[in-house]
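Enquirer: Got a predicted model here, sequence first, then my questions.
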Amino acid sequence: MPRSTRSVRARLLAARRRSPLLGRPGFLIRRLHQLHSALFLEETRGFDITPVQYSLMTALAVRGELEQNTLALEIGLERTSVAEVVPRLQRRGLLARRRSADDGRVKLVRLTRKGSALLLRMAAKVRRAHDRTVDQLAGPERDLFLLQLIELVEANNHVGSVRFRLPRGS
């Protein structure tokens, strides 16, 4: 076994001795999500936007007007959750919603100018929260970690009731 592999294995075993929870991917992913959410809210204090709301607004900024069900797929969120988040953002003037001319049952959502301006004002703070989440990892390790997270999400996207619309890779 190469030295670097032994070193990683030894560090992993030492962590598991400190707590059995440190050997459980589900626990670690949940805990990292909690930590990132706290960092996001700390960095974006005063904007009154949650990470989910920011993801939803970002999807609209990138993709333009979307029907609510498609928006749910864009961010891997339950349709009912999107149906709760959209009116809150609409009341704040960050989103606009209308019924489709083709099908009155379909609700179309778009980002308003106010919503776009808020995304721009938040961008640096959000970047800082994301950077702080992984800044304990050196550059190449950080890139590898992010790539591994992407691979896990893509490989397991079919699991559960909520899908994430994965754009076709190159």
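Expert: Perfect, thanks for sending it. Values in this document were obtained by computation on a predicted structure and should not be read as measured data.

Enquirer: For the residue most central in space within the chain, give its distance to residue 144.
Expert: With distances taken as Cα atoms, centre = their mean, the chain has residue 55 as the residue nearest its mean C-alpha position (6.0 Å). Using Cβ to Cβ, to the nearest Å, we find residue 55 at a distance of 24 Å from residue 144. Just so you know, the C-beta spots here come from the backbone N, C-alpha and C atoms, and that holds for glycine as well.

Enquirer: now swap in residue 165 and tell me
Expert: Here residue 165 is placed at a distance of 25 Å from residue 144 (Cβ to Cβ).

Enquirer: swap in residue 100?
Expert: For residue 100 relative to residue 144 (Cβ to Cβ), the value is 43 Å.

Enquirer: same question, residue 115
Expert: Residue 115 is 34 Å from residue 144, by Cβ to Cβ.

Enquirer: Looking at the two, which is more packed in?
Expert: Comparing residue 115 with residue 144 by other Cβ atoms under 10 Å, the one with more neighbours is residue 115, at 22 against 12.

Enquirer: Could you list the low-pLDDT ranges of the protein?
Expert: 1-3, 5, 168-170 (pLDDT under 70).

Enquirer: Report the buried residues of the helix ranked longest in it.
Expert: Longest helix in the chain by number of residues (criterion: DSSP state H): helix 113-134. Buried residues in helix 113-134, counted by 16 or more other Cβ atoms under 10 Å: 115, 118-119, 122, 125-126, 128-129, 132-133.
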